[in-house]
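Asks: sequence-free structure coming up:
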């Protein structure tokens, strides 16, 4: 029973000669495979003066029990052996040469020829000319390796051709031997060898065998003829196992003709065979093929009997692409009758799938693969199971069954860490699991999950991500565990149950306690890069709003109180004139300004989707454009909180345009940079604002008490307060105003003005006076310094008007206000009731309010 299947088999392998390359003794693995690579490069050679091409298939390991099936299918027969060894002294040479002969005995019944390559031995022994041994001083000084291989293939061809001629020539009177597979030998003991049935069986099997030899010798037409004759003979005696082999040989020869580039998906293309059914196909060739100087005419015969030569050139000998598949099905059904032919059946299924993949017939290919899955072989080792599932996965991928391919690759990954393996291969398991991701519509880039509807089966994807986490942990890589768990939580949050959310977050916190999650890209040993996973859903941000500065800190564009043009150097006169179109900006421009050095605020409306309290640490703003000091905040959001306002603050350190790009958080030990561009559906009033230079800040206090009455509401550009005083007509009082610079910029200028306003036809005389000289001597006022400003209040009213004016005067007064001041003031003057009424003739001279304005 053949025990080890070759899952890489393809139909064109039937035309190859099998050569095994093996080391003898202790040979460094790197050195062996360096020579093996050079040897295996000589895989396709020309026969001189003909269109025939030979193909060589090299293996560095081949089970001897498979070699016993060489008569059944000659491409399974080891016909060449190349051994590589190291020998440093003449004393070691006899033992080395003895090992070479022992190695040949392993495949001795089938070998056509063999070679021994010896590295390191110099001297008399190395100088003796030998056909089967080549000596080289070192692995670097072996320029003639390829030439030696060409000579070796020439010898293989001569033996092959002689065997083909010997078997194909009709030797009347000689009994044709019965070719058998290993398990058949005991079944033919005692059979009547003279019966017609037995002779037909022998003829049919030999015809099939000669077809194999013709195919290997580069004679495609001859092989087709022999296969057809073998099918007829074997079908007549119900020799199903060999009938299946003849049909498979017919399929292989037809595939080689129809698909000269091969069906195995290998790099490069094969050349069409010499002696093919058309001259066009015979002219196809691969440039650079090794050419062996072989003269087939020296063998004196073409090896084709008269009764078969008439068949050459008939189109019916080559199967059509559709017939190829039908014959494969028939052959596989015959193989299925024999439990010891499971490997043959499995490999035939694989070959048929590769052909169907070339024909784009995916559904039929899947039927062959499904049959291959259920073929019962012996108890396979774990390594063989991994290989089997990996090849099934590869074949499903070739026919476009991506999810099925991922399924088998995942099984192969799990097999790498099977409990029966003493040292589980977690790295191999992890690598195979990564390869399954595309089949399940899963990638490791969170951006792919923010573009629309979720693709794939979430339950399967979560299972796969959990397996990646477990494999990462067993590999001893906590950073990978954190990255995969973060990805699971971010992308699958909508599909997790409440209990699963708790379990995942607990696991994540346990891993981040040892290895915090970062925003760095993780690069795996094979070069694959895992992008960072920001937690944009923990919490979910619904809107972002940049806030204006408090009223006392807002800059205002305004005119001089004295009616003069204000110098452009004044920090209070700020006019951002930017030549641009708002529609062309990525973010909408905001119509207010922030000030350098002042605390600025951004309000976020957030939502906690978790069924438990969510603690967000180190939450701050991400900005570009100017240097910005973010002041992180920590918050705790109730379970499923609904919209919850959060204010993030920071201080711009330089001037210019600043753009709020997003925010950063630390949740469950994972640091995240969340960009607004990656947050779908977030509402914002714009994210770009102008930062102007730092401005002075003035705090004003007065010597008078505050008033409970508001004489006139302040406009949007004013900050006012009210103070009150009661005076008798003709009385005088001083109002002391303290000007304190509480900012970081000096106050350079002070302007004071009084404005009279006519209200309700009430008449007042001028009553405010001041002298700025003493106050201006203290300017520029440095930060932290205080200047004093004195205003004299003198009441002089005429009460000769109507009596009802007295009551109106009780309700109104005089206003003093400042702009922009941290603590402005307002003073009210109430007239005495018993004074005389005002003179109506003075109505045009009176005013209502007087203003004091301080300006840098």
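Replies: Everything's here; your move. Because the structure is a prediction, the values reported are computed rather than measured.
Asks: hey, which helix is longest across this structure?
Replies: Across the chain, the longest stretch assigned as helix under DSSP state H is helix 145-168.
Asks: residues near residue 370, how many?
Replies: Counted with other Cβ atoms under 10 Å, residues neighbouring residue 370 total 12. Using the backbone N, CA and C atoms, a C-beta is placed for each residue, glycine as well.
Asks: surely it forms part of a helix?
Replies: Yes - residue state for residue 370 (DSSP: H, G, I helix; E, B strand; the rest coil) corresponds to a helix.
Asks: list the contacts of it.
Replies: By Cβ atoms under 8 Å, 6 or more residues apart in numbering, residue 370 lies in contact with nothing.
Asks: cool, and the one 10 residues further on?
Replies: Residues in contact with residue 380, defined by Cβ under 8 Å, 6+ apart, are residue 388.
Asks: residue 629 now?
Replies: Contacts for residue 629 (Cβ under 8 Å, 6+ apart) come out as 650, 651, 652, 653.
Asks: highest neighbour count among those?
Replies: Neighbour max across those (other Cβ under 10 Å) = residue 652, 24 neighbours.
Asks: that residue and residue 691 touch, don't they?
Replies: Yes - Residue 652 is in contact with residue 691 according to Cβ atoms under 8 Å; the separation is 4.4 Å.
Asks: identify the contacts common to these two.
Replies: 594, 595, 596, 626, 658.
Asks: make sure the first one is indeed in a strand.
Replies: Meaning residue 594. Yes - counting by three-state DSSP, one finds residue 594 located in a strand.
Asks: what's the neighbour count on it?
Replies: A total of 28 residues lie near residue 594 under the criterion other Cβ under 10 Å.
Asks: any chance of the contacts of residue 629 in JSON lines, plus pLDDT, distance to residue 672 and secondary structure?
Replies: Formatted as JSON lines, the contacts of residue 629 follow (pLDDT from 0 to 100; distance: Cβ to Cβ, whole Å; DSSP: H, G, I helix; E, B strand; the rest coil):
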{"residue": "650", "pLDDT": "95", "distance to residue 672": "18", "secondary structure": "strand"}
{"residue": "651", "pLDDT": "95", "distance to residue 672": "23", "secondary structure": "strand"}
{"residue": "652", "pLDDT": "95", "distance to residue 672": "23", "secondary structure": "strand"}
{"residue": "653", "pLDDT": "94", "distance to residue 672": "24", "secondary structure": "coil"}
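Asks: which of those residues sits closest to residue 470?
Replies: If you rank the contacts of residue 629 by distance to residue 470 using Cβ to Cβ, residue 650 comes first, at 41.1 Å.
Asks: assign the closest residue to the closest one other than its chain neighbours to helix, strand or coil.
Replies: Excluding the flanking residues, the one nearest residue 650 by Cβ to Cβ, 6 or more residues apart in numbering is residue 630, at 4.3 Å. For residue 630, the assignment made with three-state DSSP gives strand.
Asks: what is the burial count for residue 630?
Replies: 18.
Asks: from now on call the first residue 460
Replies: All right, first residue 460 from here; so that's residue 1089.
Asks: can you tell me which residues contact it?
Replies: Shown in contact with residue 1089 (Cβ under 8 Å, 6+ apart): 1079, 1080, 1081, 1082, 1107, 1109, 1123.
Asks: where along the stretch 910-1059 of the chain do the strands fall?
Replies: Shown for the stretch 910-1059 of the chain, the strands assigned by DSSP state E, counting those that start in this stretch span residues 981-982, 988-989, 999-1005, 1048-1054, 1059-1066.
Asks: out of these, which comes closest to residue 794?
Replies: Comparing the strands of the stretch 910-1059 of the chain by Cβ to Cβ, strand 988-989 comes nearest, at 45.6 Å.
Asks: tell me the strands beside that closest one, with direction?
Replies: Strand 988-989 has its sheet partners listed here by DSSP bridges as strand 981-982 (antiparallel).
Asks: what mean pLDDT would you report for the strand it pairs with?
Replies: Mean pLDDT, strand 981-982: 93.
Asks: now do stretch 835-849
Replies: Averaging pLDDT along stretch 835-849 yields 86.
Asks: in it, which residues are buried?
Replies: 836, 843, 844, 845, 846, 847, 848, 849 (16 or more other Cβ atoms under 10 Å).
Asks: how about stretch 921-939?
Replies: Neighbour counts over stretch 921-939 (16+ other Cβ under 10 Å) mark 921, 923-924, 926-932, 936-939 as buried.
Asks: which one of those is nearest to residue 572?
Replies: Distances from residue 572 to those, taken by Cβ to Cβ, are shortest for residue 930, at 47.8 Å.
Asks: so who does the closest residue to that closest one other than its chain neighbours touch?
Replies: Counting by Cβ to Cβ, 6+ apart, residue 930 lies nearest to residue 889, which is 4.2 Å off, once chain neighbours are set aside. Counting by Cβ under 8 Å, 6+ apart, residue 889 makes contact with 872, 927, 930, 931, 934.
Asks: skip the chain neighbours and tell me the closest residue to the second one.
Replies: Setting aside the residues directly before and after it, residue 927 is nearest to residue 943 in space (Cβ to Cβ, 6+ apart), at 4.7 Å.
Asks: ditto for the fourth one
Replies: Across the structure, with Cβ to Cβ, 6+ apart as the measure, the residue nearest residue 931 apart from its sequence neighbours is residue 939 (3.7 Å).
Asks: surely the one you found and residue 982 touch.
Replies: No - with contacts counted by Cβ under 8 Å, residue 939 stays clear of residue 982, the gap being 11.2 Å.
Asks: mind listing the shared neighbours of those two?
Replies: Shared contacts of residue 939 and residue 982 (Cβ under 8 Å, 6+ apart): residue 989.
Asks: about what we covered before: quick check: which of the strands of the stretch 910-1059 of the chain is nearest to residue 1204?
Replies: Of all the strands of the stretch 910-1059 of the chain, strand 1048-1054 comes closest under Cβ to Cβ, at 10.4 Å.
Asks: which residues does that closest one contact?
Replies: Residues outside strand 1048-1054 that contact it (Cβ under 8 Å, 6+ apart): 1005, 1007-1008, 1012-1014, 1033, 1035, 1041, 1059, 1111, 1117, 1144-1145, 1147-1154.
Asks: buried ones from these, can you make that a ChimeraX selection?
Replies: Entered in ChimeraX, the line below selects the buried ones among those, by 16+ other Cβ under 10 Å:
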select :1005,1008,1012,1013,1014,1033,1059,1111,1117,1145,1147,1148,1149,1150,1151,1153,1154
